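A.B. asks: Predicted model, plus sequence, below.
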Amino acid sequence: MPIPTPHIEAKKEEIAGTVIMPGDPLRARYVAEHFLENAKLVNKVRNAYGYTGTYRGKELTVMASGMGMPSMGIYSYELFKFYDVENIIRIGSAGAYTDHLAVYDVVLVDSAWSRSSFAKVQNGCQDDVMYPSKELNAKILETAENLQIPVKPARVHSSDVFYAEDNMDDFRELYRKHQCECVEMESFALFHNAKLLGKNAACLLTISDSFVTHEELSSLARQESFENMMKVALESC
Ligand SMILES: O=P(O)(O)O[C@H]1O[C@H](CO)[C@@H](O)[C@H]1O
Ligand SMILES: O=c1cc[nH]c(=O)[nH]1
């Protein structure tokens, strides 16, 4: 596939070897504007903003994945396969399935369970659990400890559906049967693509709402107020 790809217009040398990847394009812009030096907009196709700059002297890209596994599947595949990206760290929001997790808690995904057909359709893989890079997770945990930012390792439910009917899966069942402590919509596809292509992926999440307590953050807070997670991701690089 020649560069640019159908979804990324950046030149190859404009994408760094490590990409920080929120779902939300405006969260990508926030990270670039608040944390990167000399950030340059390198992708705006479909408004999936991507910026490359430096953080403490190291070149980094922050780019949006969009929402859901089809979208994450496209961006992570193109970045790994055609842009030679080695590491992707997703920084997302998640809904808590247990009262062990409260709004603003930061979770490090240690496994992603899903009913998604993504891996089956992509290469016939029947697994329903995907794993992040052990090395990246160890680095992230060490960094969080140094920064004294609490990070909770947990299994996540990667869901294809944000709005499910009440008679469908109950979140307590998903916790009890599959040990999923929170829900988001991309990690399973990201980890699958990383495994497929021999690359590294990890995922940090900030709890934005709770199925247990019904607390929830505004869209602006989901865009901008996840600074602990952002710092851990950036410092880990
Ligand atoms: O905040 P982001 O990274 O988009 O992650 C979560 O938020 C979106 C749903 O609101 C889904 O993409 C889900 O995974
Ligand atoms: O996918 C998501 C993300 C945040 N909160 C949810 O309930 N689901």
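C.D. replies: Yep, it's here. Numbering: from 1, shown residues only. Ligands and ions are numbered 1, 2, ... in the order given.

A.B. asks: send the alpha carbons of the helix or strand where Lys120 lies over as CSV?
C.D. replies: Using DSSP states H and E, Lys120 maps to helix 118-123. The C-alpha trace of helix 118-123 is given here as CSV (Å, rounded to 0.1, in the frame of the first residue of the first chain):
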residue,chain,number,x,y,z
PHE,A,118,-13.0,-8.4,14.5
ALA,A,119,-10.3,-11.1,14.9
LYS,A,120,-12.4,-13.9,13.3
VAL,A,121,-13.1,-11.8,10.3
GLN,A,122,-9.6,-10.4,10.1
ASN,A,123,-7.6,-13.7,10.1
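
A.B. asks: And whichever helix or strand comes after that helix, what does it pack against?
C.D. replies: Following helix 118-123 in sequence order, the next helix or strand is strand 129-130 (DSSP H and E). Other elements packing on strand 129-130 under the criterion 3 or more Cβ pairs under 8 Å, 6 or more residues apart in numbering; DSSP states H and E are strand 106-113, helix 187-197. Quick note: C-beta positions are derived from backbone N, CA and C, even for glycine.

A.B. asks: pull the helix or strand with minimum mean pLDDT from the chain.
C.D. replies: The weakest-scoring helix or strand in the chain, judged by mean pLDDT, DSSP states H and E, is helix 219-224 (a mean of 78).

A.B. asks: roughly how far out does that one sit from the chain middle?
C.D. replies: Offset of helix 219-224 from its chain centre (Cα atoms, centre = their mean, to the nearest Å): 15 Å.

A.B. asks: buried ones in that helix?
C.D. replies: Within helix 219-224, the residues that count as buried by 16 or more other Cβ atoms under 10 Å are 222-224.

A.B. asks: ok, is that helix in contact with ligand 2 or not?
C.D. replies: No - using Cβ under 6 Å from any ligand atom, we find that helix 219-224 stays clear of ligand 2, coming within 8.0 Å at best.

A.B. asks: chain center to the very next helix or strand once past that helix: distance?
C.D. replies: Next in sequence after helix 219-224, counting helices and strands by DSSP H and E, comes helix 227-236. The chain centre lies 13 Å from the centre of helix 227-236; the measure is Cα atoms, centre = their mean.

A.B. asks: Any buried residues in helix 227-236, and which?
C.D. replies: Neighbour count says helix 227-236 has 228-236 buried, by 16+ other Cβ under 10 Å.

A.B. asks: Mind giving me the packing neighbours of that helix?
C.D. replies: Using 3+ Cβ pairs under 8 Å, 6+ apart, helix 227-236 sits against strand 18-21, helix 25-35, strand 87-96, strand 106-113, helix 134-147, strand 200-210.

A.B. asks: Any buried residues in the second one, and which?
C.D. replies: Within helix 25-35, the residues that count as buried by 16+ other Cβ under 10 Å are 25-32, 35.

A.B. asks: will you turn the residues you listed into JSON lines that also has distance to ligand 1 and pLDDT?
C.D. replies: Formatted as JSON lines, the buried residues of helix 25-35 follow (distance: Cβ to the nearest ligand atom, whole Å; pLDDT from 0 to 100):
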{"residue": "Pro25", "distance to ligand 1": "10", "pLDDT": "97"}
{"residue": "Leu26", "distance to ligand 1": "10", "pLDDT": "95"}
{"residue": "Arg27", "distance to ligand 1": "7", "pLDDT": "95"}
{"residue": "Ala28", "distance to ligand 1": "10", "pLDDT": "97"}
{"residue": "Arg29", "distance to ligand 1": "14", "pLDDT": "97"}
{"residue": "Tyr30", "distance to ligand 1": "12", "pLDDT": "95"}
{"residue": "Val31", "distance to ligand 1": "12", "pLDDT": "96"}
{"residue": "Ala32", "distance to ligand 1": "16", "pLDDT": "97"}
{"residue": "Phe35", "distance to ligand 1": "17", "pLDDT": "97"}
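
A.B. asks: Sounds good, over and out.
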